[in-house]
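# sequence first, predicted model second:
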Amino acid sequence: EGEAGKIVVPVTMQVEGQALGSELMVTAHITPSAIEISRSTIDFGVVSVYETAIQTIEITNTSALAQAYAFKKLPDYISIQPQDGLGTLLPFETLQLDVLFSPSRHPHDDDDKTFKAEVFLEGQYAVEPIKLACSGTGCVPPLRFSTSQIQFAATCLGDRRSQKVTMSNI
């Protein structure tokens, strides 16, 4: 009766030499053991092999107990931050995590390459892991620069400085 997820069991204790027993109620609260994830798929789209794309997901502990979690079976081009996708969720806590996609290129690849992975979120008390399907295409940009950063020395007002940057068509 009463609250959902609550079990109350009456217990009577008899003590030797006493006529009346002591009555007490043992109460238990049933809580789910699930961790929920905000989405089941991530499409990173087309990403240069020289860049990293980031998508944010949320995971929520629906339990009244703290739960350790871990993302498993991560390929080398997917990472999860903070703490490499490992941690503990407090009761009813929601946490934002960044999923990073860093496509790589084999020296003999001339074309764009599609990457697909299934990453699994496992909770300490979860019955089965939760699948997060990730996909994206790594592309080689048609132009390449000799450097991604240009740094100039200190320059007085009215003076000029120059740096050489080479751009090549791949």
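Perfect, I can see it now.
# buried stuff in the helix or strand containing Leu121?
Assigned by DSSP states H and E, Leu121 falls within strand 113-123. Residues of strand 113-123 classed as buried by neighbour count (16 or more other CB atoms under 10 Å): Lys113, Phe115, Ala117, Val119, Leu121, Gly123. C-beta: built from backbone N, CA, C; applies to glycine.
# sheet partners, orientation included, of that strand?
Strand 113-123 has the following strand partners under DSSP bridges: strand 67-72 (antiparallel), strand 130-139 (antiparallel).
# what about Gly87, how many neighbours?
Gly87 has 16 neighbouring residues, counting by other CB atoms under 10 Å.
# part of a strand, is it?
Yes. Assessed with DSSP: H, G, I helix; E, B strand; the rest coil, Gly87 lies in a strand.
# sketch out the low-pLDDT regions of this protein for me.
Low-confidence segments of the chain (pLDDT under 70): 1-3, 105-111, 170.
# and for Gly45, nearest residue in space, chain neighbours not counted?
Distances taken as CB to CB, 6 or more residues apart in numbering put Gly136 closest to Gly45, at 6.3 Å, once the chain neighbours are dropped.
# also Ser33?
Nearest non-adjacent residue to Ser33, counting by CB to CB, 6+ apart: Tyr125, 3.7 Å away.
# residues contacting Cys134?
Thr41, Ile42, Phe44, Ile78, Val99, Phe101, Phe115, Lys116, Ala117, Glu118, Val119 (CB atoms under 8 Å, 6 or more residues apart in numbering).
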